[in-house]
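Peer 1: this one's structure only:
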């Protein structure tokens with residue numbers, strides 16, 4: 001009788017609680033500090049993500065597709081510690097399709113992620129979406145480099161990280177294409193070119209085998225060609241799995257990305273299955289912060305992104321707490337509230353990092369744990385990695401809920 005009751009209890013648990021599903025995944029945050037709200041580490045309004053989560057499940061079970069994620073942000077994202085942490089975790093589970101999109105940040109004299117490197121034999125002029133004067137349209141990556149020197153080269157190299165190989169065989173070069181632009185070419189006798197194709201703002205190469213480096217040369221074939229404007233490159237290995245494209249520009253706000261129509265247009269070329277937007281910190285440092293103005297700035301960017309990616313779900317994230325001079329930033333709660341309100345009004349998924357990381361005055365706890373940098377605004381490497389692990393946990397929670405309830 002006792003055994004029958006035990007078996008009946010287990011049957012009830014298996015039916016009633018999705019925790020016991022064989023399709024669910026386990027992800028444990030490596031280190032917890034005690035001040036986080038781990039229970040709140042979920043996506044709110046997850047229903048719009050169903051198609052994305054279904055594609056993840058299909059890739060997990062059948063390994064027959066690519067899943068593209070675009071993560072747009074500011075300086076918190078430019079160093080790639082947050083996005084790299086999520087990228088590695090998801091690729092280890094769902095497959096590694098490559099490093100994804102990269103920007104020539106070092107050539108533009110800015111900080112560059114640690115898992116790739118760009119170099120050139122000359123000094124290029126550069127412009128970013130935060131620049132007040134922009135002579136050329138800003139494309140994918142939120143920045144550009146420009147030169148008139150036809151002898152210029154761009155060298156790109158990726159580095160393997162953790163357990164993942166980031167060599168590649170498919171290269172998509174993003175650059176301005178008009179009558180005055182030089183053509184771009186890749187010449188390497190060690191790489192057998194299988195295919196080359198063109199689009200209105202890119203040149204695509206497919207090689208017979210993977211490599212971890214290549215050099216871009218400029219080519220002049222007409223006297224009208226006088227310059228080259230380069231945005232970045234997408235790197236794939238030809239396999240199925242996750243492509244996690246991280247785009248971050250120091251100092252960026254919603255309005256900086258939205259004012260570049262070309263940026264929003266080019267996001268569609270990555271065929272995104274999900275777009276994540278992590279902005280708001282720089283808006284919080286405005287002396288005369290206005291929630292109504294900020295709400296409209298959010299709407300402008302999302303309207304432009306949706307116009308070019310009408311079926312792609314979006315996740316908005318709130319910024320974590322930080323310091324404003326010697327006090328915790330009093331505008332962060334207001335910014336977070338505006339982002340949350342916009343998401344609620346427009347049926348958009350939200351990840352409330354502000355609440356998850358501890359809410360009001362949590363910057364004090366992060367600083368005591370050496371997770372904040374000395375400026376009180378940016379985070380230490382460990383702080384960014386911890387945020388990446390928190391975001392990964394939210395993805396796994398959403399995935400487990402989806403596969404358990406479908």
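Peer 2: Here it is on my side, so go on. Here the structure is a predicted model, which is why all the values come from computation and not from measurement.
Peer 1: how about the secondary structure of residue 320?
Peer 2: Following DSSP: H, G, I helix; E, B strand; the rest coil, residue 320 is assigned to coil.
Peer 1: okay, and the nearest residue to residue 90 once chain neighbours are set aside sits in which element?
Peer 2: Nearest residue to residue 90, sequence neighbours excluded (Cβ to Cβ, 6 or more residues apart in numbering): residue 242, at 4.8 Å. To be clear about C-beta, it is placed using only N, CA and C from the backbone, and glycine gets the same treatment. If you go by DSSP states H and E, residue 242 is part of strand 241-248.
Peer 1: just checking, next helix/strand downstream of that strand?
Peer 2: Assigned by DSSP H and E, the successor of strand 241-248 is helix 254-258.
Peer 1: which residues touch residue 288?
Peer 2: Contact analysis of residue 288 by Cβ atoms under 8 Å, 6 or more residues apart in numbering lists nothing.
Peer 1: which SS state does it fall under?
Peer 2: Three-state assignment for residue 288 (three-state DSSP): coil.
Peer 1: ok, now residue 184?
Peer 2: Here residue 184 is recorded as strand under three-state DSSP.
Peer 1: can I assume it is in contact with residue 228?
Peer 2: Yes - between residue 184 and residue 228 there is a contact at 7.2 Å, judged by Cβ atoms under 8 Å.
Peer 1: who touches both of those two?
Peer 2: 175, 218.
Peer 1: which one's more surrounded, these two?
Peer 2: Legend: neighbour count by other Cβ atoms under 10 Å for residue 184 and residue 228, higher for residue 228 (25 against 20).
Peer 1: quick one: the more buried one and residue 338, what's the gap?
Peer 2: Separation of residue 228 from residue 338 (Cβ to Cβ, to the nearest Å): 40 Å.
Peer 1: residue 402 too?
Peer 2: Residue 402 sits 28 Å away from residue 338, going by Cβ to Cβ.
Peer 1: what is the strand holding residue 242 packed up against?
Peer 2: Applying 3 or more Cβ pairs under 8 Å, 6 or more residues apart in numbering; DSSP states H and E, we find strand 241-248 packed against strand 66-73, helix 75-78, helix 81-94, strand 100-102.
Peer 1: run the last query once more with 10 Å
Peer 2: With contacts taken as 3 or more Cβ pairs under 10 Å, 6 or more residues apart in numbering; DSSP states H and E, strand 241-248 sits against helix 50-62, strand 66-73, helix 75-78, helix 81-94, strand 100-102, strand 228-236, helix 261-267, strand 274-278.
Peer 1: so what touches the first one?
Peer 2: Counting by Cβ atoms under 10 Å, 6 or more residues apart in numbering, the neighbours of helix 50-62 from elsewhere in the structure are 23, 25, 46-47, 49, 64-69, 90, 93-95, 97, 240-242, 272-274, 311-313, 315, 349, 395, 398-403, 406.
Peer 1: filter those down to the buried ones, PyMOL style.
Peer 2: Per 16 or more other Cβ atoms under 10 Å, the buried members of the contacts of helix 50-62 correspond to this PyMOL selection:
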select buried, resi 46+49+65+66+67+68+69+90+93+94+95+97+240+241+242+272+273+274+312+313+315+349+395+398+399+400+401+402+403
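Peer 1: which residues does stretch 185-195 contact?
Peer 2: With Cβ under 10 Å, 6+ apart, stretch 185-195 has contacts from 156, 169-171, 173, 196, 203-211, 213-219.
Peer 1: so how do I select the buried members of those residues in PyMOL?
Peer 2: For the buried members of the contacts of stretch 185-195, the matching PyMOL selection, counting by 16+ other Cβ under 10 Å, is:
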select buried, resi 156+169+170+171+173+203+205+206+207+210+211+214+215+216+218
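Peer 1: of the contacts of stretch 185-195, which belong to strands?
Peer 2: The members of the contacts of stretch 185-195 that map onto strands under DSSP state E are 156, 169-171, 173, 196, 203-211, 213-219.
Peer 1: residue contacts, residue 398?
Peer 2: Contacts for residue 398 (Cβ under 10 Å, 6+ apart) come out as 42, 43, 46, 49, 50, 52, 53, 56, 315, 349, 351.
Peer 1: switch those over to JSON lines; also include distance to residue 364 and pLDDT.
Peer 2: Converted to JSON lines, these look like this (distance: Cβ to Cβ, whole Å; pLDDT from 0 to 100):
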{"residue": "42", "distance to residue 364": "25", "pLDDT": "95"}
{"residue": "43", "distance to residue 364": "27", "pLDDT": "97"}
{"residue": "46", "distance to residue 364": "31", "pLDDT": "97"}
{"residue": "49", "distance to residue 364": "33", "pLDDT": "98"}
{"residue": "50", "distance to residue 364": "39", "pLDDT": "97"}
{"residue": "52", "distance to residue 364": "36", "pLDDT": "98"}
{"residue": "53", "distance to residue 364": "36", "pLDDT": "98"}
{"residue": "56", "distance to residue 364": "37", "pLDDT": "98"}
{"residue": "315", "distance to residue 364": "28", "pLDDT": "98"}
{"residue": "349", "distance to residue 364": "29", "pLDDT": "98"}
{"residue": "351", "distance to residue 364": "22", "pLDDT": "98"}
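Peer 1: could I get these as TSV with distance to residue 103?
Peer 2: Formatted as TSV, the contacts of residue 398 follow (distance: Cβ to Cβ, whole Å):
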residue	distance to residue 103
42	31
43	27
46	30
49	27
50	31
52	24
53	29
56	26
315	21
349	26
351	24
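Peer 1: which of the residues you listed sits closest to residue 383?
Peer 2: Within these, the smallest distance to residue 383 is 16.8 Å, found for residue 351 (Cβ to Cβ).
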